[in-house]
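Engineer: No letters, just coordinates:
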């Protein structure tokens, strides 16, 4: 079992509980219980009491140590979690546990999501096959700077906890930490990976396993962006030529989080001036006269000036698609990064101006 | 003459020109020419050529050194500025110069602004009176981390350049650098203060002058927020109890820039959970169990938990007003800051999804 979690200073009680348990290690099996509708966040000490009541009930029903029961809660922040409504259903839930239940679980944890998110991979390790399957939920309050929303990945690989944790942390930086819907970071972001070892295949240090896990994580991360609240476009932002990779990510996320860039994309407007603006404010090292921008394959701006031969119609044609690619070369050094986001539409406002009422 | 300017790495040609001239000093009179519709930003070396053509024409018409002619341009980024259309009108403009022209200028520099912005103050220094008048434009791409949008302030006070510049920089931190509409920082932000000395009143080191200048700057900054693109609410965010003042501002701006907080305000939803989320992601030092939140005078959350006796109806009543006050006490130390923003509405999307087309 390995996990990464929100770095929010106001993280929710289930997150604090998971972090303690992951740090404690152990390999006596594990259970995960997730509820949606109430985030059990900013619920004071009562929040941890609720987690204790739920994990105790699950541990009893499944004959597991309580330290191996993990929970997540997603939904409204600040309302007490009526945990009795969960604990009284534990026996029913235990009775209906099924190896085929993953899709139902993916549906059950949705909040403003419009589709259930899942991904899987099979890995060849020598002559053996290892499987990985994961589910995720997340649509708004998405700007993970750590882990992300709720993600659960399962594999029958046999791996040591330390290898799984270090691999997970590294891959998170390239997947979930490279997406943003609205620049807002959840109090509840949780990503857990459980390796059962059921295949009997030793995957410690196996590149093929790492690559397969990467593909599952990236697939789930992209699904979260595609289902961003109100999204009509999937946007990939590729930064090259930055001072270093961290600077490239800084510039990429500044573009991805800019309301003016995101509304321009919603309006199918090839407004590259706003891309320039976002790079300028990002804090990344930039020099106007080295900066070039592409929309798709169309060179729009070339070294600080509108590209000779650029026709607005070419940029506009790319913006009409559903898959938008914005490439920016900073011309400084070799740093690079790719991040993903969606557009900012009327529907995002509609969803969030009355989420609670 | 003193000025503060955008810190954007992709700042516009007129900004670069102004910065050079302000650094050069001088007191032989001054002229300011502003155009709207085209920002002359990301226009390569041609951008500075345009500035030179315009400032040369103005200097000739007004018999001023070119080094004392300042320009600003606001509008679309990345389009070449057709500066001939400006230079051929300089003679007409010079003929119609008038001491009463400030209101017309405030109107002429508007882009997506819905009203012209001006403010004034009179200061008593001993038995003498000094006057200050300022105008501003700005509505979107507003998250000044330095100066802001376009602001011009005039006074007949007699002050030395060094005092005026240091006072301006200090006051900017408490006024224009504490407002945000959409977290996007313009390439063209410029704030110029001209002191003519016509009153003959020595204002160097005069607190009354500094306070009056502060009031004019804060008034203009608030007008920019009130006219934020699509805004229906004026929002004041007061942070107390932070580790230090910088941390307080960090938490305040995280709340002010959060799309989820801003859409909740648009929906008149007292969604204090989103305030908790924004504090958590801000990077400011925070402890859930020390955090308290008020909407107006209503205590909503008290030390990490919904306040005893809080009724949703009380929070909702405050949110129905047009002037929203969110107070957050972090309970850590004595740092404090106040920042101002507006809500995020459908109208912001409408304005920005087709600004250019």
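Structural biologist: Nice, I can see it. These numbers come from a predicted model, not from an experiment. Residues are numbered from 1 along each chain as shown, chains lettered A, B, ... in the order given.
Engineer: Tell me the pLDDT of the residue of the stretch 51-200 of chain A at minimum distance from chain B.
Structural biologist: Per C-beta to the nearest C-beta, residue A:77 is where the stretch 51-200 of chain A lies closest to chain B, at 2.7 Å. Glycine gets a C-beta too; all of them are placed from N, C-alpha and C. Residue A:77 carries a pLDDT score of 81 in this model.
Engineer: now the nearest residue to it once chain neighbours are set aside, what's its secondary structure?
Structural biologist: Using C-beta to C-beta, 6 or more residues apart in numbering or on different chains and skipping the chain neighbours, the partner closest in space to residue A:77 is residue B:273 (2.7 Å). Here residue B:273 is recorded as helix under DSSP: H, G, I helix; E, B strand; the rest coil.
Engineer: What separation is there between residue B:273 and residue B:124?
Structural biologist: According to C-beta to C-beta, to the nearest Å, residue B:273 and residue B:124 sit 49 Å apart.
Engineer: Over to residue A:259?
Structural biologist: Going from residue A:259 to residue B:124 by C-beta to C-beta gives 44 Å.
Engineer: same deal with residue A:353?
Structural biologist: Separation of residue A:353 from residue B:124 (C-beta to C-beta) stands at 47 Å.
Engineer: which one of these two has more residues nearby?
Structural biologist: The neighbour comparison of residue A:353 against residue B:124 (other C-beta atoms under 10 Å in any protein chain shown) goes to residue A:353, with 22 against 12.
Engineer: Please look at that one and residue B:266 and confirm they touch.
Structural biologist: Yes: look at residue A:353 against residue B:266 with C-beta atoms under 8 Å: they come within range, at 4.8 Å.
Engineer: Show me whatever sits in contact with both of those two.
Structural biologist: By C-beta atoms under 8 Å, 6 or more residues apart in numbering or on different chains, residue A:353 and residue B:266 have these common neighbours: residue B:345.
Engineer: residues in contact with the closest residue to chain B within the stretch 201-350 of chain A?
Structural biologist: Closest residue of the stretch 201-350 of chain A to chain B, C-beta to the nearest C-beta: residue A:273 (2.7 Å). Contacts here follow C-beta under 8 Å, 6+ apart; on that basis residue A:273 touches B:39, B:41-42, B:76-79, B:356.
Engineer: Which member of those is positioned nearest residue A:117?
Structural biologist: Residue A:117 lies nearest to residue B:356 out of those, by C-beta to C-beta, at 34.3 Å.
Engineer: can you give me phi and psi for the nearest residue to residue A:306 once chain neighbours are set aside?
Structural biologist: The shortest distance from residue A:306 to any non-neighbouring residue, by C-beta to C-beta, 6+ apart, is to residue B:78 (5.9 Å). Backbone torsions for residue B:78, taken as degrees, to the nearest 10, come to phi 100, psi -10.
Engineer: Compute the number of surrounding residues for residue B:78.
Structural biologist: 25.
Engineer: Surely it is in contact with residue B:46?
Structural biologist: No: counting by C-beta under 8 Å, residue B:78 stays clear of residue B:46, with 11.6 Å between them.
Engineer: element containing the closest residue to residue A:10 other than its chain neighbours?
Structural biologist: What sits nearest to residue A:10 in space, not counting adjacent residues and going by C-beta to C-beta, 6+ apart, is residue B:280, at 3.2 Å. Applying DSSP states H and E as the criterion places residue B:280 in helix B:272-281.
Engineer: Give me the mean pLDDT for that helix.
Structural biologist: 88.
Engineer: quick one: that helix to chain centroid distance?
Structural biologist: Relative to the chain's own centre, helix B:272-281 is displaced by 25 Å; criterion: C-alpha atoms, centre = their mean, to the nearest Å.
Engineer: Quick check: buried residues in it?
Structural biologist: By neighbour count on 16 or more other C-beta atoms under 10 Å in any protein chain shown, the buried set for helix B:272-281 is B:272-281.
Engineer: now stretch A:36-53, how far from the centre of its chain.
Structural biologist: 22 Å.
Engineer: so who does the residue nearest to residue A:306 touch?
Structural biologist: Residue B:78 neighbours (C-beta under 8 Å, 6+ apart): A:272-273, A:276, A:301, A:306, B:41-43.
Engineer: Spatially, which two of those are the most separated?
Structural biologist: A:272 and B:43 (12.5 Å).
Engineer: one step back: just the ones in strands from the contacts of residue A:273, please.
Structural biologist: Counting by DSSP state E, the members of the contacts of residue A:273 that fall within strands are residue B:76.
Engineer: Between the contacts of residue A:273, which sits nearest residue A:163?
Structural biologist: Checking the contacts of residue A:273 one by one against residue A:163 (C-beta to C-beta), the nearest turns out to be residue B:42, at 47.1 Å.
Engineer: Next up, the contacts around the closest one.
Structural biologist: Applying C-beta under 8 Å, 6+ apart, the residues near residue B:42 are A:273, A:276, A:288, A:291, A:301, A:304-305, B:10, B:12, B:77-78, B:187.
Engineer: just residue A:136 next, same as before
Structural biologist: A:106, A:117-118, A:148-152, A:220-221, A:223-224.
Engineer: Now, the residues you listed that are in strands?
Structural biologist: Using DSSP E, these in strands are A:117-118, A:150-152.
Engineer: Let's see if you can find the most crowded of the contacts of residue B:42.
Structural biologist: Ranked by neighbour count (other C-beta under 10 Å), those have residue B:12 at the top, with 32 neighbours.
Engineer: correct me, but that residue touches residue B:35?
Structural biologist: No: the pair residue B:12 / residue B:35 is not scored as a contact, 11.6 Å apart, by C-beta under 8 Å.
Engineer: Find the residues that touch each one of the two.
Structural biologist: residue B:73.
Engineer: Could you pull out the strands in the stretch 151-300 of chain A for me?
Structural biologist: Ranges of strands in the stretch 151-300 of chain A, per DSSP state E, counting those that start in this stretch, are A:190-195, A:234-242, A:292-295, A:298-301.
Engineer: how's chain A carved up into domains?
Structural biologist: Listed domain ranges for chain A are A:2-226, A:234-353 (source: automatic domain parsing).
Engineer: Now distance to residue B:83 too, for the ones you listed, in JSON lines please.
Structural biologist: Shown next, in JSON lines, are the domains of chain A (distance: least, C-beta to C-beta, whole Å):
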{"stretch": "domain A:2-226", "distance to residue B:83": "37"}
{"stretch": "domain A:234-353", "distance to residue B:83": "16"}
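Engineer: Run the chain-centre distance for stretch A:81-98.
Structural biologist: 27 Å.
Engineer: With stretch A:241-258 instead?
Structural biologist: Centre-to-centre, stretch A:241-258 and its host chain are 18 Å apart (C-alpha atoms, centre = their mean).
Engineer: again with stretch A:197-208
Structural biologist: For stretch A:197-208, the distance to the chain centre is 24 Å (C-alpha atoms, centre = their mean).
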